[in-house]
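Chemist: quick one, fold the following:
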Amino acid sequence: MPLNIPNLLTWARILLIPLFVGVFYSPWDWFHPRDHNFWATVIFITAAVTDWFDGWAARKLDQTSAFGAFLDPVADKLMVAAALVILVQLGRVDAIIAFIIIGREIAISALREWMAKIGAARSIAVSFIGKLKTTAQMIAIPMLLFHDRILFLDPQQTGTWLIYCAAALTLWSMAYYLRMAWPEIAARSR
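Modeler: Here you go, the predicted model:
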């Protein structure tokens, strides 16, 4: 495992996950309930910014690595899954939406691993629809975490709308990836 700036940022993102979850499980007298929402949102946004920055640093400093390419999406999926589980528990996201998003991540990760193993990883490279899904998620989740009204904006309502859009885009992108992988699946299932 190369110890470079991008990989250190990815490890930092993974280490933020227990801190993020811990905010909601810390004794309620440590924070005002509104502070739980605020600090969880700050941690999640920090992780999202770190995700962007580690990719930028890897390219800019020419510090890309196979380990980093593996660990980066794992860190992203862990943080999103942790956030969705917390949001379901708080009653801010429907369990079916969390199941769709987390289930798709597991299924597509497994598909990508299998496609890489057979030498066909390029046929399921990240698509525009996948990037759009990620953007919708990364805007919706902080809004749902923050929860409290900001002037004229109701983050819960906007976040709910965006997480439903993310779930629809999740299904669409999963169908896209499966369609791209189908020739390989069909050829090897005979």
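
Chemist: please count neighbours and contacts with C-alpha atoms only from this point.
Modeler: Fine.

Chemist: shaky segments in this protein?
Modeler: 1-2, 28, 33, 121-125, 190 (pLDDT under 70).

Chemist: tell me where this structure has helices.
Modeler: Listed in chain order, the helices of the chain (DSSP state H) span 5-25, 33-60, 66-89, 95-117, 128-146, 155-188.

Chemist: tell me which residues of the shortest one come out buried.
Modeler: This means helix 128-146. For helix 128-146, burial by neighbour count (16 or more other Cα atoms under 10 Å) applies to 130, 132-134, 136-146.

Chemist: how many other residues sit next to residue 166?
Modeler: 25 (other Cα atoms under 10 Å).

Chemist: please tell me how far it sits from residue 128.
Modeler: Distance from residue 166 to residue 128, counting by Cα to Cα, to the nearest Å: 13 Å.

Chemist: before we move on, what about residue 70?
Modeler: 20 Å.

Chemist: OK, contacts around residue 161?
Modeler: By Cα atoms under 8 Å, 6 or more residues apart in numbering, the residues touching residue 161 are residue 140.

Chemist: 10 Å instead, please
Modeler: For residue 161, the residues meeting the contact criterion (Cα atoms under 10 Å, 6 or more residues apart in numbering) are 136, 140, 155.

Chemist: hang on, isn't the first one packed against residue 101?
Modeler: Pointing back at residue 136 there. No: counting by Cα atoms under 10 Å, residue 136 does not reach residue 101; the two are 11.7 Å apart.

Chemist: any residues in contact with both of the two?
Modeler: 163, 166-167, 169-170.

Chemist: narrow those residues to those that are buried.
Modeler: The neighbour-count test (16+ other Cα under 10 Å) marks 163, 166-167, 169-170 as buried among those.
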